[in-house]
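S.K.: Sequence isn't available, so here's the structure alone:
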């Protein structure tokens, strides 16, 4: 009875401590999930492999439900948010805004790739693997070829304008949805105010409905994080982590350098102190780290930009959906380091022209990377084929991709929020001062 009473008091104190503090709930969930995952890992011998798989499925359930709820409203939320962001700006402002946004995303992507190239050659993670015996070819049927064949960087670029927007929505092709929505949004601005106003009102209602569903999903976050982390650790072999540890360290160091670059950009253009900024966005970063999907946390990213960073909704409604689709700087850095790592592990010499090809290909590939867990590896297959590196090595990467995906998604979301702050400084404050909302 004494033990039960003590546990009840501890649970009560913990409940008081974590109430309305999502970041603290997530941290506790991560710690508990990792601890349970280590305990239930079949390599420890406490449970069998078959029992571990069953437990993993049940532990994944809250996370799957959370992701499904968010994915259910993702398309209408992206559609309405971009439209409302566009119609809230006049045509001249939109032209300047759109061109600057694309230029900014291109600039930060190049920074990420340069960081990836530099750290790959300085730390040479693939050389260590080569010294230990290098990588050997494996049967082609061991690779997820059905996924790889679907991804084509030239095809993705040529198909930016979807021939069937409904098909893009049904299949979740976010890039096609974004391009289609931007075109529709610009077309709405050309309508007479009387014709356009009902469309805007409907978009506002749909956006509010989507955010209500997201608020329901957010109640599952601590449980989802706990289950996802436990299942992840359960399914990872210790030998895989040890063997690829140095490569993972190189990727994480590169992402940290990219984060520092973001914070420098933030301070130079907005004057915001980095520590204050990180403190304000910690909730969404912890959720991004846990889910490894920038699309899944997009609603919370928008809410964080509006309510905690003070970004104009005219800016966040436009920047965040587009950023979550094409601003994949963390993924671009990961793909660059991985390509060099595999080339070094296979003993392939990289010429200067090959490096130029990597930069160009990575820029295009980062635009087409799905904002889902594992999307970076799927796209990477087509990149490797273009620079002559065998795709066999991706099997090695898949084993640790989920862990690295958590880190690169956190950086991707940080990049979107930094972009919101920068463009709010350039456009949002002026729009707020003028009270300019064109059609609403």
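M.R.: Structure received. Every value quoted in this text rests on a predicted model; they were computed, and no experiment measured them. Residues are numbered from 1 along each chain as shown.
S.K.: as a whole number, average confidence for the top helix by length along the chain?
M.R.: For the chain, the helix that runs over the most residues, judged by DSSP state H, is helix 49-87. Here the mean pLDDT over helix 49-87 is 80, rounded to a whole number.
S.K.: Name the residues of it that are buried.
M.R.: Under the neighbour-count criterion of 16 or more other Cβ atoms under 10 Å, helix 49-87 has 52, 55-56, 59-60, 62-63, 66-67, 69-70, 73-87 buried. C-beta: built from backbone N, CA, C; applies to glycine.
S.K.: same question, stretch 190-200
M.R.: Of the residues in stretch 190-200, those buried by neighbour count under the rule 16+ other Cβ under 10 Å are 196, 199-200.
S.K.: Next one, pLDDT for residue 27 please.
M.R.: Per-residue confidence at residue 27 stands at 78 (pLDDT).
S.K.: Which element, helix or strand, includes it?
M.R.: With secondary structure defined by DSSP states H and E, residue 27 is part of helix 22-40.
S.K.: That helix - contacts with which helices or strands?
M.R.: Counting by 3 or more Cβ pairs under 8 Å, 6 or more residues apart in numbering; DSSP states H and E, the packing neighbours recorded for helix 22-40 are helix 2-18, helix 49-87, helix 221-234, helix 282-291.
S.K.: next helix or strand past whatever helix or strand residue 176 lives in?
M.R.: When secondary structure is defined using DSSP H and E, the element that contains residue 176 is helix 174-189. On the C-terminal side of helix 174-189, the nearest following helix or strand under DSSP H and E is helix 193-218.
S.K.: now that next one, how far from the centre of its chain.
M.R.: Relative to the centre of its chain, helix 193-218 is centred 24 Å away, using Cα atoms, centre = their mean, to the nearest Å.
S.K.: ok so, going back, could you check the angle the helix holding residue 176 makes with helix 193-218?
M.R.: Interaxial angle of helix 174-189 relative to helix 193-218 (axes from the mean of the first three to the mean of the last three Cα atoms, to 10 degrees): 150 degrees.
S.K.: still on that earlier bit, adding distance to residue 250, write the helices and strands packed on helix 22-40 out as CSV.
M.R.: Output for the helices and strands packed on helix 22-40, formatted as CSV (distance: least, Cβ to Cβ, whole Å):
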stretch, distance to residue 250
helix 2-18, 35
helix 49-87, 28
helix 221-234, 21
helix 282-291, 19
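S.K.: Can you say which of those helices is nearest to residue 342?
M.R.: Closest to residue 342 of these, according to Cβ to Cβ: helix 221-234, at 23.3 Å.
S.K.: Contacts for the closest one, please.
M.R.: Contacting residues not belonging to helix 221-234 are listed as 22, 25-26, 28-30, 32-34, 36-38, 40-42, 52, 55-63, 65-67, 286-287, 290-291, 402-403 [Cβ atoms under 8 Å, 6 or more residues apart in numbering].
S.K.: What of stretch 291-299?
M.R.: 63, 66-67, 70-71, 73-74, 77-78, 174, 210-211, 214, 224-225, 228, 284, 287-288, 301, 320-321, 324, 328, 370-373, 402, 405-406, 409, 412-413, 416.
S.K.: buried subset of those?
M.R.: Among these, those buried by neighbour count (16+ other Cβ under 10 Å) are 63, 66-67, 70, 73-74, 77-78, 174, 210-211, 214, 224-225, 228, 284, 287-288, 301, 320-321, 324, 328, 370-373, 402, 405-406, 409, 412-413, 416.
S.K.: Residue 328 is in contact with residue 412, isn't it?
M.R.: Yes. With contact taken as Cβ atoms under 8 Å, residue 328 and residue 412 are classed as touching, separated by 5.6 Å.
S.K.: give the contact list for the closest residue to residue 55 other than its chain neighbours.
M.R.: Here the nearest residue to residue 55 in space, its sequence neighbours aside, is residue 40; by Cβ to Cβ, 6 or more residues apart in numbering that works out to 5.9 Å. With contacts defined as Cβ under 8 Å, 6+ apart, the neighbours of residue 40 are 46-47, 52, 55, 230, 234.
S.K.: Residue 47: what secondary structure?
M.R.: Classification of residue 47 by DSSP: H, G, I helix; E, B strand; the rest coil places it in coil.
S.K.: quick thing: my sequence starts at 396, can you match it?
M.R.: OK, 396 is where the count begins now, so the last one is residue 442.
S.K.: Could you double-check that it lies in contact with residue 451?
M.R.: No. With the criterion set as Cβ under 8 Å, residue 442 and residue 451 do not qualify as a contacting pair; they are 10.6 Å apart.
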